[in-house]
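>>> Got a predicted model here, sequence first, then my questions.
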There are 2 protein chains.
Amino acid sequence: MSARSGRWRSGMESRRKILEAARTRFASDGYDKATVRAIAADAGVDPSMISYFFGGKDKLFAAALQAPGSPREPVTALLAHGSAGVGAELVRRFLQLWDATTSLEPILALTMSAGSHGPSAQMLREFIDREFTAQIAERIDGPDRAMRAALITAQLMGLAIARYGMRVAPVASADHDDIVVWAGPIVQSLLDGETFQSARKDLAPG
Amino acid sequence: MSARSGRWRSGMESRRKILEAARTRFASDGYDKATVRAIAADAGVDPSMISYFFGGKDKLFAAALQAPGSPREPVTALLAHGSAGVGAELVRRFLQLWDATTSLEPILALTMSAGSHGPSAQMLREFIDREFTAQIAERIDGPDRAMRAALITAQLMGLAIARYGMRVAPVASADHDDIVVWAGPIVQSLLDGETFQSARKDLAPG
DNA sequence: GACATACTTCAACGCCTGTTGGAGAAAATG
DNA sequence: CATTTTCTCCAACAGGCGTTGAAGTATGTC
């Protein structure tokens, strides 16, 4: 009957290696360019194993988007004790997250390759909204909460794409601090719900 | 010899139709998904004409990135008379630009599909840097000019991707004003070079 | 040992990609 | 009219894609 308790043979290990390779490949190459053959090669298995274990590339993608250390926990932990002064820290952790790991959640290249249609687009959209934007929106106050949370997401997505995707100078090569100095207060302003109009003098155009 | 003065036959018109179709397709589908066959079908010509006229898909992409009303002019015109109070207007025009035209410069989908490598990535990187980021950097003052200009680019890229690419709610459906209210002051702060640290009290993390 | 189950390998399928070469037609030139 | 030049269509190529099915192998159970 069903796989009993202990692993029957190497099945579960192959499945795990595929999943790991898929996350890395999806994250670095995007959905389309991350070919089944490349993922299988990274995992050291035959390409057909992917259809065997997961039922197809799209199913594998969905599986790769499920389990891993999602950004939900860092976000909730960071915003648990209020949102004051947290903007800079959010940007900093965001940068550390990207710089530290090679097999992050497949967000960047996915964002860049999923496009607005196709099999991966909707899954990715729901994933980011559920695991990130909604988590922020739940933990801030003031007007336009959803809008501000979405703009924070947009801000960080733009930052990630500029730095890690398109390698726009000097964002791509700058130290974390040099970016946090500018981006931190921006995120903070969106968290606080202040447009800075009150704190600024010369906003109105001449 | 060379094509004399008047068009010899229908060559130039086919070439023009291909270029127009290419811009639209590249912008909506990205470099990879915009197939030569699809572009040719849109233009009403045979796929082989693309290689005939342009010498290949990558050359066509380069040509599509060249001529059109580049964002350089709007940017220079906007920043010609100082940068004070221009942030909101820059965001507003940016949104209008995207909403108005269907065949904009192939930036969004290109950004999303070019990835960080490949034939289109470097061309796109140079294009955005030359036509947009550098134009801003030349027209602002204060510390970290290049960084701030790049962050404005990142800000707008993130906005475009969130609104037009991934269709993140509510950014995707909001009126221009609702976005400008939040994003305008952010861009303005980057233009002015103020981190608002002076105007703010609780920036430092706990 | 005999059987069944789970995994692996291999080869091939059909589809789509960008590109090429040759045949043919139309316009300009002599 | 004859020739050259420019453009168009058609067919095919080699290469990559995701997926499938059959054969084979190792592990488990009886």
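That came through, no problem. Predicted model, so just to flag it, every value in this text is computed and none were measured.
>>> remind me which residues of chain A are low pLDDT?
A:1-9, A:67-77, A:79-84, A:101-123, A:195-206 (pLDDT under 70).
>>> Which part of it gets nearest to chain B, residue-wise?
A:Gly158 (2.2 Å; CB to the nearest CB). C-beta: built from backbone N, CA, C; applies to glycine.
>>> What about contact with DNA strand C: does the helix or strand where A:Ala38 lies have any residue there?
In this assignment (DSSP states H and E), A:Ala38 forms part of helix A:36-43. No. Using CB under 7 Å from any atom of the strand, we find that helix A:36-43 stays clear of DNA strand C, coming within 8.7 Å at best.
>>> tell me which strands and helices that helix is in contact with?
helix A:11-33, helix A:48-54, helix A:57-64 (3 or more CB pairs under 8 Å, 6 or more residues apart in numbering or on different chains; DSSP states H and E).
>>> List the buried residues in the first one.
To tie it back to what came earlier, the one meant is helix A:11-33. Neighbour-count burial for helix A:11-33 flags A:14-15, A:17-33 (criterion: 16 or more other CB atoms under 10 Å in any protein chain shown).
>>> go on, the shortest one?
Residues of helix A:48-54 classed as buried by neighbour count (16+ other CB under 10 Å): A:49-50, A:53-54.
>>> Show me which pair in those is furthest apart.
For those, the farthest-apart pair by CB to CB is A:Met49 and A:Phe54; their separation is 8.8 Å.
>>> anything in contact with each of those two?
Jointly contacting A:Met49 and A:Phe54 under the rule CB atoms under 8 Å, 6 or more residues apart in numbering or on different chains are A:Ile18.
>>> Can you give me every residue that contacts A:Trp182?
B:144, B:147-148, B:151, B:190, B:195.
>>> Next: A:Ile152.
Taking CB under 8 Å, 6+ apart as the definition, contacts of A:Ile152 comprise A:90, A:133, A:136, A:187, A:190-191.
>>> returning to that earlier point: will you turn the contacts of A:Trp182 into CSV that also has secondary structure?
Shown next, in CSV, are those (DSSP: H, G, I helix; E, B strand; the rest coil):
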residue, secondary structure
B:Asp144, coil
B:Met147, helix
B:Arg148, helix
B:Leu151, helix
B:Leu190, helix
B:Thr195, coil
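>>> can these go into TSV with extra columns for neighbour count and distance to DNA strand D?
Shown next, in TSV, are the contacts of A:Trp182 (neighbours: other CB atoms under 10 Å in any protein chain shown; distance: CB to the nearest atom of the strand, whole Å):
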residue	neighbour count	distance to DNA strand D
B:Asp144	20	41
B:Met147	21	37
B:Arg148	22	40
B:Leu151	28	35
B:Leu190	28	40
B:Thr195	22	45
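>>> Pick the one among those residues closest to A:Leu95.
B:Leu151 (12.9 Å).
>>> residue ranges of the helices in chain A, please?
A:11-33, A:36-43, A:48-54, A:57-64, A:72-79, A:87-100, A:108-114, A:119-128, A:134-138, A:145-160, A:176-192 (DSSP state H).
>>> so which of these gets nearest B:Ile128?
Here helix A:145-160 is closest among the helices of chain A (CB to CB), at 12.1 Å.
>>> mind giving me the domain ranges of chain A?
Using automatic domain parsing, the domains assigned to chain A come out as A:2-57, A:72-203.
>>> so which of these is the most packed in?
Mean neighbours per residue, mean count of other CB atoms under 10 Å in any protein chain shown, is largest over these for domain A:72-203, with a mean of 19.
>>> Mind telling me which residue of chain A is nearest DNA strand C?
A:Gly11 (1.9 Å; CB to the nearest atom of the strand).
>>> Quick check: the gap between the closest residue to A:Trp98 other than its chain neighbours and A:Met157.
Nearest non-adjacent residue to A:Trp98, counting by CB to CB, 6 or more residues apart in numbering or on different chains: A:Tyr164, 5.7 Å away. As for A:Tyr164, its distance to A:Met157 is 11 Å (criterion: CB to CB, to the nearest Å).
>>> sorry, back to before: for the helices and strands packed on helix A:36-43, could you give me JSON lines that also reports distance to A:Ile39?
What follows is these, written out as JSON lines (distance: least, CB to CB, whole Å):
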{"stretch": "helix A:11-33", "distance to A:Ile39": "5"}
{"stretch": "helix A:48-54", "distance to A:Ile39": "7"}
{"stretch": "helix A:57-64", "distance to A:Ile39": "8"}
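>>> out of the ones you listed, nearest to A:Val86?
Comparing the helices and strands packed on helix A:36-43 by their distance to A:Val86 (CB to CB), the top pick is helix A:11-33, with 26.0 Å.
>>> now the angle from that closest one to helix B:11-33?
For helix A:11-33 against helix B:11-33, the angle by axes from the mean of the first three to the mean of the last three CA atoms, to 10 degrees is 160 degrees.
>>> how far is helix A:11-33 from where the chain is centred?
Centroid separation for helix A:11-33 versus its chain: 16 Å, with CA atoms, centre = their mean, to the nearest Å.
>>> quick check, that helix touching chain B?
Yes. Shown here: helix A:11-33 in contact with chain B (CB under 8 Å from any CB of the partner chain) through A:29-30, A:32-33.
>>> Only alpha carbons, please: show that helix as CSV.
The C-alpha coordinates for helix A:11-33 follow below in CSV (Å, rounded to 0.1, in the frame of the first residue of the first chain):
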residue,chain,number,x,y,z
GLY,A,11,12.3,8.1,-3.7
MET,A,12,11.9,10.7,-1.1
GLU,A,13,15.5,11.8,-1.4
SER,A,14,15.2,12.2,-5.1
ARG,A,15,12.1,14.1,-4.6
ARG,A,16,13.8,16.4,-2.1
LYS,A,17,16.8,17.0,-4.3
ILE,A,18,14.5,17.9,-7.2
LEU,A,19,12.6,20.4,-5.0
GLU,A,20,15.8,22.0,-3.8
ALA,A,21,17.2,22.3,-7.3
ALA,A,22,13.9,23.6,-8.5
ARG,A,23,13.9,26.4,-6.0
THR,A,24,17.4,27.5,-6.9
ARG,A,25,16.8,27.3,-10.6
PHE,A,26,13.4,29.0,-10.5
ALA,A,27,14.9,31.8,-8.4
SER,A,28,17.9,32.4,-10.5
ASP,A,29,16.5,31.8,-14.0
GLY,A,30,12.7,32.3,-13.7
TYR,A,31,9.9,30.0,-14.7
ASP,A,32,10.5,29.7,-18.4
LYS,A,33,14.2,29.6,-18.5
